[in-house]
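Asks: need the 3D shape of this:
(chains A, B and C)
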Amino acid sequence: MSARDEDIGATVMPPDLLAGHELALEARALDLDYSGRRALDAVNLQVPRRQVTALIGPSGCGKSSLLRCFNRLNDEIAGCRVSGEVRVLGLDAYAPATSLPELRRRVGMVFQKPNPFPQSVADNVAFGLRLAGLRSRLELDDRIEAALRAAGLWDEVRDRLDDSALRLSAGQQQRLVIARALAVEPEVLLMDEPASMLDPISTLRFEELVVALRERYSVLLVTHNMQQAARVADYTAFMQAGRLLEFDATDRIFTNPRLRGTEDYITGRMRETRD
Amino acid sequence: MPVPDPFLPASPLARRFAERAPARARRERHLRLGLRLAAGFLALLALAMPLFLLASARVTSDWAVHVLPLLIGSLKAALYAIVVAVPLGLGAAIWCARFAPPAWRAVLKPLFELFEAVPAVVLGLIAALLLAPWLLQHVLSLLVFVALLVPLLIATGFLWQRFAPTAWQQRGAGYEVALSLVPLLGLAALSVAVGNALATPAWAALLQPLTPWNGLVVGLMLGLAVMPTVFSLAEDALFAVPAELALGAQALGATRWQALWRLLLPVAAPGVVAALLLGFSRALGETMIVLMASGNTPLTGISPLTGLRSIAANLALEAPQAVPGSAGYGLLLLSALLLFGICLLLNLLAEQVRGRLRRRVAGL
Amino acid sequence: MDEVRHRRAASRRHDPGLWLAAGLVGLSLLALAAVLAVLVQQALQAFAPAPVAQLRWRSDAGEQQLLAAVVTQDAQALVVRGSEWQRRGAEYRRIARADLLQIEWPADARSLRLRDGREIYRRGDAVAQAPDGSGVAAADVVEDVASNRLSRTDAAGLLLRRAWAFVSGTADVGGVFPALVGTVVLVVLMSVLVMPLGVLLALWLHEYAGSGRGARLLRAAMANLAGVPAVIYGLFGLVLFVNGIGGGLDALLQSPTPRWGGGGLLWSALTLALLTLPVVVIATEEGLARVPASLRHGALALGATRAEMLWRVVLPVARPALLTALILAVARAAGEVAPLMLVGAVKYAPALPLDGEFPYLHLSRQFMHLGQSVYDLALAGGDAPRDMAQAHAAALLLLVVVVGLNAAAIVVRNRLRERARELAV
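Replies: Have a look, this model is predicted:
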């Protein structure tokens, strides 16, 4: 192995890597504090449109916190303070004029643990649609079917639309959550270790879905599974201790990382530590 | 790098969301307003009550004559009640938290909770119409029962654990409550017999209440009514102390009782004290039992064999006829203010003490 | 190993304190059971048919004889009730056994109950005759029972029928129907007032207020309000609602008789709503706290506003807690008497607060309440065993209702905990 660069503080990224790409998400000099404890430190991230970008790094490095900045779910956490710039689809996410419900509609989220509402499958998917005032049974059913198809779940639940969503398997529930998010026509999908609670087969199916979603949506995927990042993502960002250290095309970062820290993590030499 | 067009592609759904947005935002604002109003209302209410009492209460020169006996009556009734409620409630709490098999605890806790829900007027009825006449003739029996209760139970325990065959002991483990009914009922029968037999000597006349409605009846029934409050709070406090503490002591050779007495009770003491304070506060504020069973005579002697008149019962009797603005009205409100103030103080104190327990247990 | 077992056995041997504690539990349970048993027994006496005896006894006025129902008896004396020729007269006599010359239980003795609640005894088909010669019209007879010849099933049936008459009868025949109606109407009105306010408050405290100073102060205020004695709430209601607002309304409307300035349904409902507000808020908050954050975040992540998240996701999940809160509030309102004595419940109300004439719900009317009835019957029942028995019957009814409601609340609350555990797993 040739000598790697030391961590110099700023994000290491090949220049012109994203030339010609539109940006779905952008973070500039982003700092995040939880009641005084710094979780994100001067993060610069650019997530290109209609690609899958993976965020990897040891536990506690701030991946989930960064993810939550993009749909401002961090606002729900008491004592959370954000400074810097966050742009979502070109709009300043933290501007006072930004409509929070509209921002969150356009940026869908899938959580680590599937969280379907304790309602029927159809009602889960229709939740967001009903917020728009959609009431016509016909239109709702059409959209529900479209969303479930896009999530690859239609064939399995077409006869069980009125069953409780809690009866589905974990893999199905996670796809239901995606369908629920897709129903309101987002443009970005944030995924926080979405397959970590699924068995290997469901995980593979899930990864196929993510790759398929790439055609219409921009995906930012947090994962602790590097093989998953290698299989699914076009670009990968490496984070450590609240800092975004390296960003590159996936195959390059895994075969030829520029920073020693990145190499240590990827090769497993770095021990997972929790803050 | 080019930045994408910030305007939405005009999909029909996106347009619908845009159309609905103002209405949704408005509803959100209305909800916030409604919530603020509700909170403000509560704040207003919380302030209004003491303020209005303060404003209308009048301290006239003869307040001691009118109000003091009521205050003493309330305190007497609460004191008698606590004397009854604490042994029962605390004893039950200790057994439930430390000695009871989980199945028993799961039944006993809701059972006592249900008893707490019994309307006071029902208990007052029984006290006034049934307990009072009976007690008139059986004060001596009651004394005998109370005096022999603790020694009898301890003796039973000692004898059981010493002399009963091990097979019985093993089968009976956890069923001590049911088994204790035997000595209890026996003692009750004995006490009644003794009381009837000794009815004639002159000194027995000392124990004869002058009226059926007196502090003793009130104390017994009010104590029974307040016991569930003391029980549930004390039980929570004792249960919250981690079991490892007791097990550690037992591993060193202490008996369960010793572990309890020297280790757990001191740790849970704040919670137990809070239970006492709140029980006393409840007994002070209780109206119906005292109203129906105390005779409502404003006597201030310490003996429980005479009647008493409590602030709460007095309010129930006199407030409907009170004329606003009169001296009597002002004194009435003064008594209410005293009652309110004392209950408030006790509650605040109990909250403080409970906070100490929480911190203590958290540190363990 | 043997050492440990030996030690454990030894420690068990010297644990007498265990028995003390267990004994106290036993004593508490005995006391509770005694209260219940005594209540049931007394209440049954109100409904159980009393045997009728032909008596002859010695008194100051010479020898007397009477056909009477034997209400109670003990070693020293009998308490009997003769036919009630006076309306609700107390024809009770206490006859010492020492004075009793003859007592027979004729097989053909019958007790008749009349429409207005009086009870009369006769033998066989002999016409029941009053001392003044007047008879009893057949049309007035509501119940005709052969008191000494009842089989078990007959007696049970009679008991049930009398209990039903008790529950459905008006006050002048000794029934508690108006009190029941009054209690139900009061409780419904109170619920309509307290539930929205309580739920809003719980929502504010739990979802919006966070842990700032305002929230802490309000929580403290709530906890302290929960400890205020009920009678003080009644006093507050009396002064503020009845005298203050009611008196003002009367002056404004210039009504000749005080309509709003006296106790009434509306003021009672308001007072009780204030009284039960802390109960509702605390129970609701407990339910809100059990809704997992993952559900809230899921709803928000889909673009729901806070209000929509609460209305469409959180409150439906917390529904059992809302139900618990409602049940607890209702149980409290049904059982409280002291505040109602000050703001509107009366011993006898000529009309129901809910009836067929406009405006159907009479908010300014005074009303009867089951708990209040227990109190009034107890006061009146000093000498008349029947009133006493009715007081016990009313108390038993009240007890069953209130304890039943609380038991239901406990069941619902356990289901809520199960469900929360399911969702969180």
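
Asks: switch to C-alpha atoms for all contacts and neighbour counts from now on
Replies: Fine.

Asks: report the separation between the nearest residue to residue C:67 once chain neighbours are set aside and residue C:106.
Replies: What sits nearest to residue C:67 in space, not counting adjacent residues and going by C-alpha to C-alpha, 6 or more residues apart in numbering or on different chains, is residue C:54, at 4.5 Å. Using C-alpha to C-alpha, to the nearest Å, one gets 7 Å for the distance from residue C:54 to residue C:106.

Asks: quick one on the thing from earlier: tell me which element the residue nearest to residue C:67 is part of?
Replies: Following DSSP states H and E, the helix or strand that holds residue C:54 is strand C:52-59.

Asks: list the buried residues in that strand.
Replies: Under the neighbour-count criterion of 16 or more other C-alpha atoms under 10 Å in any protein chain shown, strand C:52-59 has C:52, C:53, C:54, C:55, C:56, C:57, C:58 buried.

Asks: can you list those residues in JSON lines and add pLDDT?
Replies: Shown next, in JSON lines, are the buried residues of strand C:52-59 (pLDDT from 0 to 100):
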{"residue": "C:52", "pLDDT": "85"}
{"residue": "C:53", "pLDDT": "84"}
{"residue": "C:54", "pLDDT": "86"}
{"residue": "C:55", "pLDDT": "85"}
{"residue": "C:56", "pLDDT": "86"}
{"residue": "C:57", "pLDDT": "85"}
{"residue": "C:58", "pLDDT": "84"}
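
Asks: could you dump the residues you listed to JSON lines with distance to residue A:151?
Replies: What follows is the buried residues of strand C:52-59, written out as JSON lines (distance: C-alpha to C-alpha, whole Å):
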{"residue": "C:52", "distance to residue A:151": "83"}
{"residue": "C:53", "distance to residue A:151": "86"}
{"residue": "C:54", "distance to residue A:151": "90"}
{"residue": "C:55", "distance to residue A:151": "92"}
{"residue": "C:56", "distance to residue A:151": "95"}
{"residue": "C:57", "distance to residue A:151": "96"}
{"residue": "C:58", "distance to residue A:151": "99"}
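
Asks: and the residues you listed, which is closest to chain B?
Replies: When the buried residues of strand C:52-59 are ranked by distance to chain B (C-alpha to the nearest C-alpha), residue C:52 comes first, at 25.1 Å.

Asks: and that closest one, what does it touch?
Replies: C:67, C:68, C:69, C:70, C:105, C:106, C:109, C:110, C:111, C:121, C:147, C:148 (C-alpha atoms under 8 Å, 6 or more residues apart in numbering or on different chains).

Asks: hmm, 10 Å instead?
Replies: With contacts defined as C-alpha atoms under 10 Å, 6 or more residues apart in numbering or on different chains, residue C:52 is in contact with C:67-71, C:80-82, C:104-111, C:121-123, C:146-148.

Asks: next one: residue A:185
Replies: Neighbours of residue A:185 in contact, by C-alpha under 10 Å, 6+ apart: A:105, A:106, A:107, A:108, A:128, A:129, A:147, A:217, B:11, B:13, B:14.

Asks: settle this for me: the third one is touching residue C:301, isn't it.
Replies: Okay, so that is residue A:107. Yes. Taking contact to mean C-alpha atoms under 10 Å, the distance of 7.8 Å between residue A:107 and residue C:301 places them in contact.

Asks: more crowded one of the two?
Replies: Summary of the neighbour comparison: residue A:107 and residue C:301, criterion other C-alpha atoms under 10 Å in any protein chain shown, with residue A:107 having more neighbours (30 against 27).

Asks: the nearest residue to residue A:66 once chain neighbours are set aside in helix, strand or coil?
Replies: Here the nearest residue to residue A:66 in space, its sequence neighbours aside, is residue A:40; by C-alpha to C-alpha, 6+ apart that works out to 7.2 Å. Reducing the assignment at residue A:40 to three states with DSSP: H, G, I helix; E, B strand; the rest coil gives strand.

Asks: ok, residue A:40 - contacts?
Replies: Shown here is residue A:40, whose contacts under the criterion C-alpha under 10 Å, 6+ apart are A:29-34, A:61-63, A:65-66, A:82-83, A:239-244.

Asks: are any of the residues you listed buried, and which?
Replies: With neighbours counted by 16+ other C-alpha under 10 Å, the contacts of residue A:40 contain buried members at A:30-34, A:61-63, A:65-66, A:82, A:239-244.

Asks: just those: which are in helices?
Replies: Cross-referencing those against helices under DSSP state H gives A:63, A:65, A:66.

Asks: include pLDDT when you put those residues into a markdown table, please.
Replies: Below are those laid out as a markdown table (pLDDT from 0 to 100):
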| residue | pLDDT |
| --- | --- |
| A:63 | 91 |
| A:65 | 92 |
| A:66 | 94 |
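
Asks: kindly indicate which of the residues you listed lies nearest residue C:309.
Replies: Ranking these by separation from residue C:309, with C-alpha to C-alpha as the measure, puts residue A:65 on top at 22.0 Å.

Asks: in the helix or strand containing residue A:148, what counts as buried?
Replies: Secondary-structure assignment from DSSP H and E places residue A:148 in helix A:137-150. Under the neighbour-count criterion of 16+ other C-alpha under 10 Å, helix A:137-150 has A:140, A:143, A:144, A:145, A:146, A:147, A:148, A:150 buried.

Asks: could you find the closest non-adjacent residue to the fourth one?
Replies: So that's residue A:145. Counting by C-alpha to C-alpha, 6+ apart, the nearest residue to residue A:145 once its immediate chain neighbours are dropped is residue A:154, at 6.6 Å.

Asks: what number of residues lie near whatever residue of the stretch 251-400 of chain C ends up closest to chain A?
Replies: With C-alpha to the nearest C-alpha as the measure, residue C:303 is the residue of the stretch 251-400 of chain C nearest to chain A, at 4.1 Å. Applying other C-alpha under 10 Å, we find 26 other residues in the vicinity of residue C:303.

Asks: thinking again about what came up before, so which of the buried ones among the contacts of residue A:40 are in strands?
Replies: Here DSSP state E is the test, and those give A:30, A:31, A:32, A:33, A:34, A:82, A:239, A:240, A:243, A:244 as lying in strands.

Asks: how about low-confidence regions in the chain?
Replies: I went with chain A, as the question did not name one. Judged against pLDDT under 70, the low-scoring parts of chain A cover residues A:1-9, A:269-275.

Asks: not quite, I wanted chain C
Replies: In chain C (pLDDT under 70), the answer is C:1-16, C:85-90, C:116-117, C:126-140, C:381-385, C:424-425.
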